[in-house]
Structures are given as structure tokens and as C-alpha cells.
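S.K.: From the sequence below, what's the structure:
(one chain, ligands or ions: 2)
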Amino acid sequence: MGTAYLLLSFLSPAQNVRTDEYGRDFEGRMRFPLRIIDRIRETVGGDFPIGARIVGSDYHDGGVDLDYCRRVAVRLEQAGLAYLDVSAGVGPRAVSDSPLTMGGGSAVFSDFAAAVKSVVSVPVMSVGRYYTMAAAEAAVASGKTDVVALGRALVADPEFVVKSLTGRESEVVPCIGCQACHGGITTALGVSCVLNPATGHELEPAPEPAVRARRVLVLGSGVAGLELARVAAVRGHDVTVVTGELPFGGLLALRARVPGAAEVGDGVRWFRRTLSDRGVRVVRDAPAGEHDVTVSAVPGARHPLPAVAGSSAVVGAEDVLSGGARLDGSVDRVAVVGPGLLAGETALFLAATGRRVTLVATGERAMADAHPLVAGTTAHRLARLGARTVTGATPLAPVDGHAEPFDLVVDAMGWRPAEGPGIPVGDDWDAFAQRLLVRNATRLARTL
Ligand SMILES: Cc1cc2nc3c(=O)[nH]c(=O)nc-3n(C[C@H](O)[C@H](O)[C@H](O)COP(=O)(O)O)c2cc1C
Ligand code: SF4
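M.R.: Numbers count the residues shown, from 1 in each chain. Ligands and ions are numbered 1, 2, ... in the order given. Have a look, this model is predicted:
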């Protein structure tokens with residue numbers, strides 16, 4: 001009955017517009033879920049515990065709210081359910097400001113669980129951004145919930161619990177809330193994690209020790225390059241990572257500087273610890289000397305920037321985010337041009353500095369490459385900072401009657417797949433694109 005599924009569409013007054021006995025009023029809307037529970041009960045017998053996920057809100061105007069959720073909970077307890085798991089839906093209002101993405105906070109639905117707990121006597125479970133054992137324990141200790149359910153924490157690291165309970169918390173692969181796992185559920189790629197490509201591929205054997213240890217040079221320290229370095233080191237190779245101009249973590253490290261995205265930095269820190277434990281060297285410039293294998297893990301060539309009328313100064317998005325392009329007080333009106341999340345998040349970064357920012361999304365819709373929750377939440381944050389978004393608008397017309405519409409144009413068109421010396425792995429901005437590169441990287445590392 002959770003999230004965006006069939007039973008919620010019966011339960012929610014906003015979604016259920018039926019006029020037969022499965023709609024109309026509360027009992028009508030409960031009828032289909034209750035019939036299913038009855039049928040399950042007939043099948044499994046009286047002793048078998050049946051629970052349900054319900055939502056504290058479905059984020060539809062006129063839909064499930066807290067009062068309504070409490071009524072549902074009471075009715076389900078009367079129907080004999082053994083526990084209730086309280087989440088929240090993903091209706092239109094959730095997509096425009098989602099607590100489930102980066103920057104949304106922790107234990108985000110625990111108040112919904114607490115409200116349900118106040119009206120039922122069966123155990124209540126809370127789900128939603130519990131990323132540390134301490135956060136889970138605090139929610140139980142506060143009395144808001146009896147049990148905590150973990151979703152993406154276990155996608156990022158199936159050993160989350162055992163590591164946390166055995167003093168190995170620093171080894172836990174962190175979930176950074178990027179939604180790359182969820183982005184795959186409607187594709188043949190299924191669920192996997194950008195930081196842990198073993199998830200979703202559990203039947204694959206662990207990487208085997210290399211037949212011959214080799215000297216591996218990884219150019220670039222984006223997440224795919226780091227994963228390649230990690231697997232190569234696990235296999236016994238002697239690995240050096242060259243960061244180059246970008247900070248350690250490549251584009252992921254730059255993304256951590258975007259307002260609301262700081263927690264992606266947890267992924268970078270995890271790689272730093274893990275690679276250090278594995279003896280991987282990290283240097284800024286490529287060392288002199290022989291290497292057996294060189295892998296290129298830097299972004300590829302830039303996509304061309306469309307003509308932008310009346311603006312002379314152009315800088316790359318990565319230069320803005322890294323601080324390489326020093327923007328002084330004379331830079332006020334800025335256009336950030338690009339089709340995807342790179343443009344949206346660079347615009348957000350600049351809008352947070354107080355500048356007047358226009359996101360020029362070169363496609364039909366802004367941030368088309370991003371997961372809907374991430375794109376929607378970024379758009380909401382941009383709007384809150386007063387940034388404008390225009391779509392498909394190239395070349396740009398002067399804005400507000402100014403002949404010279406912008407002091408600066410930021411090139412956020414993104415990069416083509418990597419080319420260059422060695423075997424290409426690349427780096428990219430959006431988490432799903434990174435997830436695909438990481439998968440390539442781990443495959444490649446197994447062949448070295
Ligand atoms: C890959 C993936 C698949 C999910 N599938 C479902 C689902 O089928 N039904 C549901 O109610 N929630 C589903 N969810 C939502 C999770 O159960 C959970 O409520 C949500 O991810 C928030 O918890 P977390 O922050 O611990 O991940 C899914 C989440 C992910 C990441
Ligand atoms: S893909 Fe992103 S959101 Fe999903 S488990 Fe991994 S880090 Fe978390």
C-alpha cells in the first residue's frame with residue numbers, strides 16, 4: 001500500500017475517483033486492500049504475521065494526509081495486521097521537493113511513524129534515510145518508531161548491519177542519496193549502486209587474484225576510475241591514481257560543492273579510506289616511469305556549446321565549481337547552458353552566491369538526464385533562489401531588454417564518452433551515467 005502502487009491508488013482520496021463500491025467513501029476505498037488481506041489470511045493461516053506498508057502522505061493535494069493515514073492504520077490493525085511500516089508516497093508535491101534525495105536530511109518520515117504509533121498498538125516501522133546505525137537507534141530511542149527499515153543503505157552496502165555492529169562502521173559503503181539505484185528499476189539494468197557495483201550482481205564471483213601483479217596507472221579520479229583502482233588493488237595490482245586538475249573524486253567531488261549535495265562527499269571520503277587501506281597511491285601529476293596498463297578515467301571531450309547571443313566570456317562548469325574560474329563582483333547576470341543535471345546544479349551553485357542566474361536548458365526539459373526526484377528537487381531549489389529556467393532557447397534572446405544579456409556564460413554541455421590514451425573509463429556528472437561507467441570500470445579491472 002506504499003509509495004506509488006496499486007493499493008495506494010485505491011486508498012488515496014485524490015487518486016481513487018471510482019464511483020462503485022471500491023471508491024466513494026473511506027470504507028469503499030479500503031475495500032480492495034482489505035479483501036487482499038483477507039485472501040492472504042486464508043492462504044497463510046491464522047498464525048502467520050501479515051504487515052503492510054502505508055504512507056503518511058501521498059503528496060497529492062486532497063490525498064492521504066496524516067489524519068487519513070491514522071484512520072487507515074486503525075482499520076488495518078482491526079483487520080488483524082501484525083505491524084505497519086510507515087513511508088510516504090511520491091506524488092507531484094514530493095517530486096518537487098523530495099526529502100529522499102541528497103540534502104533531504106535523515107529519518108525523514110519518522111514523524112509519520114510517530115503519528116501512526118500514537119493510534120495503534122501493533123509494532124510500527126519507520127523507513128526513509130536511515131544511513132547510520134546511530135540514526136536508526138536514535139529514532140527507536142526517541143519512541144517515534146519500534147523498528148527501522150533500511151532501503152538504500154542496504155543497496156549501497158548489504159553488510160551495513162554487520163559492519164556497524166562489529167566496529168567496522170568506517171568500512172560501510174555510504175548511501176549518498178543519488179537515486180542511481182532507483183533509476184534502473186524500469187530498465188533492463190535493474191538495481192545497482194553507483195558506489196557498489198556488486199549490488200544487483202550478487203551471483204558474480206568475487207574478483208580473483210591477478211595471475212601477475214601489474215603496475216596500473218589510472219588517469220583521473222572520478223568514481224569510475226576509483227572503483228577501477230579499488231578492484232585492481234584488491235586483485236593484487238600495484239595501482240597509482242593521478243588526479244590531474246580536478247580534486248580527488250573528480251566530478252563527484254565537485255558535485256559535493258553544490259548546495260544540498262554535500263553528502264556525495266561521503267562517497268569520495270569512503271574511496272579515499274578504502275584506497276588508502278589497499279595501498280593505492282594518489283598523486284596529482286603522472287609519475288615518470290613505466291606502467292604496464294594505463295586507464296583513462298577523465299571526462300571525454302566537451303559537447304559543443306550552442307551559440308549564445310551577445311555574451312563574450314565563457315567558462316566551463318567544472319572551472320566554476322572548482323573555483324578555478326575566479327568570479328569577481330562584476331559577474332552578476334549568468335547564463336548556465338546545458339541539457340542536463342550538470343547545468344542545473346551549476347546554476348544552483350551560482351544562484352546560491354546571490355548572482356542572477358538563468359538556466360538555459362538546451363533540450364525540451366531541464367535536467368532531462370537526472371532522476372525525477374533529483375531534477376524536481378533541484379528545480380525547486382533553483383526557483384527558491386530566484387533563478388530562471390528557459391528551455392530549448394538557443395541562441396539566447398536578450399533578457400529584460402538588455403542588449404548584453406549576461407556577464408558570463410557557463411558551458412555546462414557536458415562531455416562525450418571518454419577517449420584518449422589507454423583504456424577509456426571516463427567520468428560523468430549524473431549519478432546514473434556514473435553508475436554505468438562504474439560498472440564498465442569494475443568489468444575492466446577484472447580483466448587486468
Ligand atoms: C531500488 C528501489 C526500489 C524500491 N521499490 C519499492 C517498492 O516496490 N515499494 C515501496 O513501497 N517502496 C519501494 N522503494 C522505496 C524504499 O522501500 C524506501 O521506502 C525508500 O527508498 C526510502 O528508504 P531509504 O532512504 O532507506 O532508501 C524502493 C526504493 C529503491 C531505492
Ligand atoms: S545508487 Fe545512490 S541512492 Fe542508490 S544506494 Fe547507491 S548511493 Fe544510495
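S.K.: Now do the SS call for residue 390.
M.R.: strand (DSSP: H, G, I helix; E, B strand; the rest coil).
S.K.: distance of it from residue 140?
M.R.: Distance of residue 390 to residue 140, given as Cβ to Cβ, to the nearest Å: 48 Å. Just so you know, the C-beta spots here come from the backbone N, C-alpha and C atoms, and that holds for glycine as well.
S.K.: ditto for residue 270
M.R.: For residue 270 relative to residue 140 (Cβ to Cβ), the value is 26 Å.
S.K.: With neighbour numbers in mind, choose between those two.
M.R.: residue 270 (21 against 14; other Cβ atoms under 10 Å).
S.K.: I'd like the mean pLDDT over the host helix or strand of residue 239, please.
M.R.: For residue 239, the host element (DSSP states H and E) is strand 238-242. On average, the pLDDT along strand 238-242 is 97.
S.K.: Following the chain onward from it, which element is next?
M.R.: Next in line after strand 238-242, if elements are assigned by DSSP H and E, sits helix 250-255.
S.K.: Need the per-residue pLDDT for residue 171.
M.R.: 94.
S.K.: Pull the contacting residues for it.
M.R.: Applying Cβ atoms under 8 Å, 6 or more residues apart in numbering to residue 171 gives the contacts 163, 274.
S.K.: do that again at 7 Å, thanks
M.R.: If a contact means Cβ atoms under 7 Å, 6 or more residues apart in numbering, then residue 171 has residue 163 as its contacts.
S.K.: Quick check: phi and psi on it?
M.R.: Taking degrees, to the nearest 10, you get phi -90, psi -10 for the backbone angles of residue 171.
S.K.: cool, and residue 162?
M.R.: Backbone phi and psi, for residue 162 under degrees, to the nearest 10, turn out to be phi -70, psi -40.
S.K.: What number of residues are in the vicinity of the closest residue to it other than its chain neighbours?
M.R.: Leaving aside its sequence neighbours, residue 162 sits nearest to residue 168 (Cβ to Cβ, 6 or more residues apart in numbering; 7.9 Å). Residue 168 has 11 neighbouring residues, counting by other Cβ under 10 Å.
S.K.: Look up phi and psi at residue 168.
M.R.: phi -110, psi 30.
S.K.: Repeat that for residue 415.
M.R.: Torsion angles, degrees, to the nearest 10, at residue 415: phi -120, psi 150.
S.K.: Could you check how far it is from ligand 2?
M.R.: 21 Å (Cβ to the nearest ligand atom, to the nearest Å).
S.K.: can you pull the contacts of that residue?
M.R.: 299-303, 428.
S.K.: mind redoing it with 10 Å?
M.R.: By Cβ atoms under 10 Å, 6 or more residues apart in numbering, the residues touching residue 415 are 251, 298-303, 318, 342, 426-429, 433.
S.K.: again, but for residue 354
M.R.: 329, 332, 385-386.
S.K.: okay, who's weakest in these by pLDDT?
M.R.: Across the contacts of residue 354, the bottom pLDDT score, 87, is held by residue 329.
S.K.: Counting neighbours, what do you get for it?
M.R.: Neighbours of residue 329 (other Cβ under 10 Å): 7.
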